[in-house]
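K.L.:
quick one, structure for this:
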Amino acid sequence: MPRHNETRRLPYTPEQMFDLVADVARYPEFLPWVSAIRVRSNTDTQVVADMIVGFKGLRETFTSKVDKDRPNRIHVEYLDGPLKYLRNDWIFRPDANGCAVDFTVDFAFKNRVFEMLAGQVFGSALRKMIGAFEDRAAVLYGAASASGSGSGGISSSSAHSAA
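P.N.:
Presented below is the predicted three-dimensional model:
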């Protein structure tokens, strides 16, 4: 069961990062392994969507409900697909140079083969995914949008386990 907690300090406002993460329909444009999204419903407070993910010849569809509490929090609740469960939270907090983004993900696959594969690539896949969100923020908002200093101000701390 891979689990990961991480905080990133980014030079963007909580509102900017919230908007980026909440825009689920655009994930195929920048997230690795996401080949398609079908948004079933989308309101100011909730999105229900199917995400098609492909990795090394495997292709799976996940259905999730995304609860949005703008600009503070996004909570992802897993509804259907190849997982036993998925818990995913994003918390956006104002910071001296922009915002701190607290990211937590915890999941387990129904299939033990998928679970073993996920355990082997979890760390590198997660770094690539988080990097894709950071890169997308730079494209949308510029390198140092919130601080205006041009310094970037990206730092991180993380902990993960494949329990």
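K.L.:
residue contacts, residue 85?
P.N.:
With contact set as CB atoms under 8 Å, 6 or more residues apart in numbering, residue 85 has these partners: 78, 106, 107, 108. The C-beta positions use only the backbone N, C-alpha and C, and glycine is treated the same way.
K.L.:
list the buried ones in the helix or strand encompassing residue 78?
P.N.:
Following DSSP states H and E, one finds residue 78 within strand 73-80. Neighbour counts over strand 73-80 (16 or more other CB atoms under 10 Å) mark 73, 74, 75, 76, 78 as buried.
K.L.:
name the helices or strands packed onto that strand?
P.N.:
Judged by 3 or more CB pairs under 8 Å, 6 or more residues apart in numbering; DSSP states H and E, strand 73-80 is in contact with helix 14-22, strand 58-69, strand 83-95.
K.L.:
again, 10 Å this time
P.N.:
helix 14-22, strand 46-55, strand 58-69, strand 83-95, strand 98-109 (3 or more CB pairs under 10 Å, 6 or more residues apart in numbering; DSSP states H and E).
K.L.:
may I see these organised as JSON lines, with mean pLDDT and distance to residue 34 added?
P.N.:
Below are the helices and strands packed on strand 73-80 laid out as JSON lines (pLDDT from 0 to 100; distance: least, CB to CB, whole Å):
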{"stretch": "helix 14-22", "mean pLDDT": "98", "distance to residue 34": "13"}
{"stretch": "strand 46-55", "mean pLDDT": "93", "distance to residue 34": "6"}
{"stretch": "strand 58-69", "mean pLDDT": "93", "distance to residue 34": "10"}
{"stretch": "strand 83-95", "mean pLDDT": "94", "distance to residue 34": "14"}
{"stretch": "strand 98-109", "mean pLDDT": "92", "distance to residue 34": "15"}
